[in-house]
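Asker: Return a 3D structure for these sequence lines:
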Amino acid sequence: MTNRLLAGLCAALLLLPATAFAQAAGGDDWEGFKPAASGTAPAPATGTPPPPPPTAPAPANTTAPASTTSAKPTSTSTAPASTAATTSSTSAASTNPATAPMTTLAPLDNKEPAPKLVSTKETVQPGSEPHDPSTLHNSLTDPANLRDAAGENGQVGVLHVSSAHFGRAGMLHLSASGQYFRSNDFPVLDASDTRTAGVFAGGYNFTNWLQAYVNYTVAANTNTKSAPHLIQDQGDAQVGLAAGYEVYKGLSLGLDARLLLSPGTGNQDVSRSVFGFAPTALVTYDFHALSPQVPLRAHVNLGVVLDKTTSFSNGHTLTAAEEFALQTQKYNRFQISGALEAGLPVATPYIEYTGFIPLGASDLIAPDNTSVSTGEAFNESLGLGVRVTAVQDLTINAAVDLGLARTVAYGIPATMPWNLLFGVTYTVDPFGTGSNKVVEKTYEKQAPAALAAAPAPTTGRVEGTALDGVTGKPISGVLVAFLDHDLPPVATDANRGHFQSYELAPGAVKLNVQHEGYQPATADATVEAGKVSSVEVRLMPEAKPVAAAMGNLIVKVTARKKPVAAKVTATAGTGAPIDIPPNAPATALPAGHYTITVLADGFDAQSKEVDVAAEKTGTESFSLKAAKAPAADGVAAPKKPMVVVIKNKIVIKQQVHFATNKAVILRDSYTLLDQVADAIKTNGLKHVVVEGHTDNVGAKDANLKLSQDRAAAVRAYLLKKGIGEDALEAKGFGDSKPIAPNMTAKGREMNRRVEFTITEK
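Answerer: Residues are numbered from 1 along each chain as shown. All right, here's what the predicted structure looks like:
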């Protein structure tokens with residue numbers, strides 16, 4: 001320590017002559033001044049200077065005599081501003097540093113003070129943001145809330161459902177997840193089953209449209225009906241390659257090709273392994289493209305899984321418990337799955353549906369040797385979960401899968417009634433350089449204390465950045481106006497979307513921000529005297545109007561194969577009816593679902609539900625039947641009976657027709673309901689429940705209300721036909737009691753029905 005201090009002092013002494021020489025040769029205010037001896041006048045500024053006096057110079061803190069010329073004043077922390085610093089300098093003619101006499105320097109504390117740091121601002125350059133920033137302080141509609149993280153198998157997606165939108169290139173997703181299940185009487189009666197599993201996965205985005213992933217699964221299952229009770233399944237692995245691309249704003253399409261490896265039990269090599277292949281089509285839609293206020297993203301996966309793993313048995317017939325423990329498959333499968341996630345600050349809740357329909361499955365047998373249909377036994381589940389995104393780069397996943405299938409069949413692993421899942425995903429850019437930050441520092445030059453102090457600042461400025469609210473990219477040419485100030489607007493620059501205001505008086509200021517193609521926005525800022533306030537403004541793109549897709553419809557109305565003049569109307573939902581000329585050229589209609597009603601004098605009314613496709617022409621034909629003359633009571637006698645009473649049911653042979661999404665009975669169902677009223681009277685039924693049912697399209701609450709309203713409308717019609725109020729009860733069940741799968745249009749039509757249940761005869 002002492003040696004370093006001595007070396008520093010020596011170096012400083014050696015530099016003193018050079019410093020003095022530089023000051024003498026610099027030609028500044030010090031040039032021409034001579035060292036002043038006590039009691040003598042200063043030498044002339046011209047001519048050869050006399051040699052310096054042998055006496056030592058005056059101390060630096062002494063005041064020079066009145067005849068001494070004062071040096072350039074500088075501020076010090078110890079002397080008052082009026083004190084003049086005494087110094088010596090070489091003559092302007094002394095140009096040789098080697099022969100120049102040593103001079104006395106001004107005190108070190110007399111030099112100009114260093115500039116003062118006023119403010120520091122750090123900004124992240126676009127494109128170099130953190131891997132997965134925290135969503136903790138985001139707004140409710142911030143698109144960044146929807147994080148691109150790995151699912152259970154390492155692919156970018158939700159949990160089981162893959163996404164066609166992969167996120168930034170160069171991202172590495174590392175994930176680990178676990179599963180837990182326990183149940184009695186599963187998969188057969190008197191069996192107790194416990195299952196745990198773990199999946200380790202990783203995925204890498206080569207580009208923003210190409211990713212690869214790999215995963216490895218281990219599982220242990222204990223069942224009192226399997227031999228042995230504990231069966232461990234290790235070595236299942238998958239390797240996949242997926243491509244996805246945004247084909248339209250918000251809509252991404254992709255394809256996933258996955259190789260499956262399932263080693264045989266009791267085997268450490270691949271000699272008895274089963275290899276499979278699973279190509280899957282991917283569809284993703286981000287609703288931010290439709291409206292910034294809808295923080296949703298939807299995914300759909302369709303594909304096939306080719307991996308018949310029953311070769312594990314090696315000739316041994318597996319029990320249902322063993323098939324579940326080993327997850328063996330006798331049939332190739334068709335996969336259909338979908339997910340909807342809501343990107344919110346802190347966390348992203350989601351819902352998933354997955355179904356695997358066996359291909360070529362027939363004559364399925366349950367463990368009790370009864371026949372089972374494919375629709376009862378195929379794997380089908382509904383997942384409810386949440387992803388916590390409040391921590392940067394770390395996604396925490398928790399979910400529960402609820403099994404929708406309750407029937408077990410040999411050849412298809414049983415569906416668990418429930419399965420608890422949990423896991424974490426870490427996202428990192430292994431080859432990136434991290435975030436590129438731009439640090440902007442503002443300094444203020446300090447005035448010497450000897451000079452008059454500068455007046456305190458009375459104004460300030462506002463600076464900021466204008467960003468695209470969807471992509472987060474800077475926008476150039478944005479006009480920023482300052483309300484309540486008579487000043488012209490300023491514009492953002494071309495590189496960073498940055499702007500800076502004029503000098504403004506301290507206080508609150510409101511900014512009005514506008515750019516073509518974006519919704520106008522406002523922002524609030526506070527101006528502080530002598531400071532620059534920062535603000536960030538996000539502009540949301542204007543929604544472009546979408547022209548309604550049009551289709552064409554031709555309606556033919558005949559009776560006995562001859563055209564009939566009739567009134568034809570088409571009604572879509574709750575909209576107003578649209579008249580369609582019958583037996584005429586095509587009528588243009590917006591694409592959609594319609595109820596077509598045909599009325600003609602002397603003929604029974606008819607109605608039909610049709611779909612009008614965009615840019616296509618459809619034809620619907622109606623063959624009217626002449627109305628039968630009314631009987632003595634004024635009600636037309638039906639041509640054939642449409643109602644029959646069987647046990648505790650009034651069975652109707654055709655559906656009661658309603659206007660689309662309404663509880664309005666169509667005229668062509670009046671005859672049917674008249675026969676229902678006649679059956680109640682004829683059979684002396686004391687109490688009948690009118691049941692309303694719907695398909696599963698739409699919200700459950702809305703379906704329940706619609707079914708209740710339709711049942712009430714039928715009850716009201718029957719009351720008008722003379723049925724007592726105590727004999728009828730209306731009850732809606734919504735979509736809770738389907739009689740056919742809702743996967744097809746025919747099935748949904750069958751589920752939209754009215755039934756009559758006899759509770760007291």
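Asker: Now do the buried residues in the longest strand seen in the chain.
Answerer: In the chain, with assignment by DSSP state E, the single longest strand is strand 230-248. Neighbour-count burial for strand 230-248 flags 231, 233, 235-236, 238, 240, 242-246 (criterion: 16 or more other CB atoms under 10 Å). For the C-beta atoms, the positions are set from N, CA and C on the backbone; glycine is no exception.
Asker: just stretch 465-473 next, same as before
Answerer: 465-470.
Asker: my read: residue 165 touches residue 148, true?
Answerer: Yes - the pair residue 165 and residue 148 passes the contact test of CB atoms under 8 Å, sitting 6.7 Å apart.
Asker: So between the two, which is more surrounded?
Answerer: More crowded of residue 165 and residue 148, by other CB atoms under 10 Å: residue 165, with 23 against 19.
Asker: quick one, phi psi at that one?
Answerer: Backbone torsions of residue 165, given as degrees, to the nearest 10, read phi -110, psi 110.
Asker: For residue 741, see how far away it is.
Answerer: 30 Å (CB to CB, to the nearest Å).
Asker: Distance to residue 144 and pLDDT added to the buried residues of strand 230-248, as JSON lines?
Answerer: As requested, the buried residues of strand 230-248 are exported to JSON lines (distance: CB to CB, whole Å; pLDDT from 0 to 100):
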{"residue": "231", "distance to residue 144": "44", "pLDDT": "88"}
{"residue": "233", "distance to residue 144": "39", "pLDDT": "80"}
{"residue": "235", "distance to residue 144": "39", "pLDDT": "74"}
{"residue": "236", "distance to residue 144": "35", "pLDDT": "86"}
{"residue": "238", "distance to residue 144": "30", "pLDDT": "93"}
{"residue": "240", "distance to residue 144": "27", "pLDDT": "96"}
{"residue": "242", "distance to residue 144": "23", "pLDDT": "96"}
{"residue": "243", "distance to residue 144": "24", "pLDDT": "96"}
{"residue": "244", "distance to residue 144": "19", "pLDDT": "95"}
{"residue": "245", "distance to residue 144": "21", "pLDDT": "92"}
{"residue": "246", "distance to residue 144": "17", "pLDDT": "93"}
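Asker: Report the central residue of this protein.
Answerer: The chain has residue 146 as the residue nearest its centroid, 2.9 Å off, counting by CA atoms, centre = their mean.
Asker: Distance check, that one against residue 218.
Answerer: 31 Å.
Asker: got it, and residue 733?
Answerer: Distance from residue 733 to residue 218, by CB to CB: 44 Å.
Asker: Which one's more surrounded, the two?
Answerer: Counted by other CB under 10 Å, residue 733 and residue 218 do not tie: residue 733 has more neighbours, with 17 against 14.
Asker: And the more buried one, what's its pLDDT?
Answerer: At residue 733, the model reports a pLDDT of 95.
Asker: next one: the one 4 residues further on
Answerer: Residue-level confidence at residue 737 comes out at 92, pLDDT.
Asker: circling back: the buried residues of stretch 465-473 in strands, which ones?
Answerer: Reading strands off these with DSSP E, I get 465-468.
Asker: now, the most widely separated pair of the residues you listed?
Answerer: Taking CB to CB as the measure, those reach their widest spread between 465 and 468, a distance of 11.0 Å.
Asker: shared neighbours, these two?
Answerer: Counting by CB atoms under 8 Å, 6 or more residues apart in numbering, the residues touching both residue 465 and residue 468 are residue 474.
Asker: Which one of the ones in strands among the buried residues of stretch 465-473 is nearest to residue 261?
Answerer: For these, the nearest to residue 261 is residue 468 (43.9 Å; CB to CB).
Asker: nearest spatial neighbour of residue 137, skipping sequence neighbours?
Answerer: residue 345 (7.3 Å; CB to CB, 6 or more residues apart in numbering).
Asker: Burial check on the one you found, number of neighbours?
Answerer: Residue 345: 19 surrounding residues under other CB under 10 Å.
Asker: if I look at it, how far off is residue 425?
Answerer: Distance, residue 345 to residue 425, by CB to CB: 19 Å.
Asker: Same check on residue 518?
Answerer: 34 Å.
Asker: picking that back up, what is the nearest of the ones in strands among the buried residues of stretch 465-473 to residue 131?
Answerer: Here the nearest of these to residue 131, counting by CB to CB, is residue 467; it sits at 19.2 Å.
Asker: Could I get the contacting residues of that closest one?
Answerer: By CB under 8 Å, 6+ apart, the neighbours of residue 467 are 473-475, 497, 536-539.
Asker: What is the nearest of these to residue 152?
Answerer: Residue 152 has its nearest neighbour among the contacts of residue 467 in residue 473, at 32.2 Å by CB to CB.
Asker: Export only the CA atoms of stretch 502-514, formatted as CSV.
Answerer: The C-alpha coordinates for stretch 502-514 follow below in CSV (Å, rounded to 0.1, in the frame of the first residue of the first chain):
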residue,chain,number,x,y,z
TYR,A,502,-41.5,21.3,-26.0
GLU,A,503,-40.7,23.0,-22.7
LEU,A,504,-43.9,22.8,-20.6
ALA,A,505,-45.0,24.4,-17.3
PRO,A,506,-44.9,22.0,-14.3
GLY,A,507,-48.1,20.1,-13.6
ALA,A,508,-50.3,17.5,-15.2
VAL,A,509,-50.6,17.3,-19.0
LYS,A,510,-52.8,15.1,-21.1
LEU,A,511,-51.4,13.7,-24.4
ASN,A,512,-53.6,12.9,-27.4
VAL,A,513,-51.9,10.3,-29.7
GLN,A,514,-53.1,9.5,-33.2
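Asker: now what about it, what contacts it?
Answerer: 458-462, 464, 466, 478-485, 487, 490, 501, 520-529, 535, 537, 539.
Asker: Among the residues you listed, which ones are in strands?
Answerer: Using DSSP E, those in strands are 461-462, 464, 466, 479-482, 490, 521-527, 535, 537, 539.
Asker: one step back: just checking, the residue nearest to residue 137 touches residue 144?
Answerer: No - with contact defined as CB under 8 Å, residue 345 and residue 144 do not form a contacting pair (9.7 Å).
Asker: what residues are shared contacts of those two?
Answerer: Each of 135, 138 lies in contact with both residue 345 and residue 144 under the rule CB under 8 Å, 6+ apart.
Asker: average model confidence for stretch 338-352?
Answerer: Averaging pLDDT along stretch 338-352 yields 94.
Asker: Pull out the buried residues from it.
Answerer: If you call a residue buried by 16+ other CB under 10 Å, then stretch 338-352 has these buried ones: 338-345, 347-348, 350, 352.
Asker: and that stretch, how far out from the chain's middle?
Answerer: Between the centre of stretch 338-352 and the centre of its chain there are 7 Å (CA atoms, centre = their mean, to the nearest Å).
Asker: can you check stretch 172-190 too?
Answerer: Its chain's average C-alpha position is 28 Å from that of stretch 172-190, according to CA atoms, centre = their mean.
Asker: do the same with stretch 688-703
Answerer: Put simply, stretch 688-703 sits 32 Å off its chain's centre (CA atoms, centre = their mean).
Asker: Residue ranges in the stretch 101-250 of the chain under the pLDDT threshold?
Answerer: Counting by pLDDT under 70, the stretch 101-250 of the chain has low-confidence residues at 101-113, 118, 121-130.
Asker: I meant the stretch 301-450 of the chain, not that one.
Answerer: By pLDDT under 70, the weakly predicted segments of the stretch 301-450 of the chain are 310-316, 432-439, 443, 445-450.
Asker: could you pull out the helices for it?
Answerer: Per DSSP state H, counting those that start in this stretch, the stretch 301-450 of the chain carries helices over the ranges 320-326, 374-377.
Asker: want to try a markdown table for those, with distance to residue 728 and mean neighbour count as columns?
Answerer: Formatted as a markdown table, these follow (distance: least, CB to CB, whole Å; neighbours: other CB atoms under 10 Å):
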| stretch | distance to residue 728 | mean neighbour count |
| --- | --- | --- |
| helix 320-326 | 47 | 25 |
| helix 374-377 | 35 | 17 |
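Asker: right, and those helices - which one's nearest residue 441?
Answerer: Taking those one by one with CB to CB, helix 320-326 is closest: 65.2 Å.
Asker: list the helices and strands the closest one packs on?
Answerer: strand 192-207, strand 210-223, strand 230-248 (3 or more CB pairs under 8 Å, 6 or more residues apart in numbering; DSSP states H and E).
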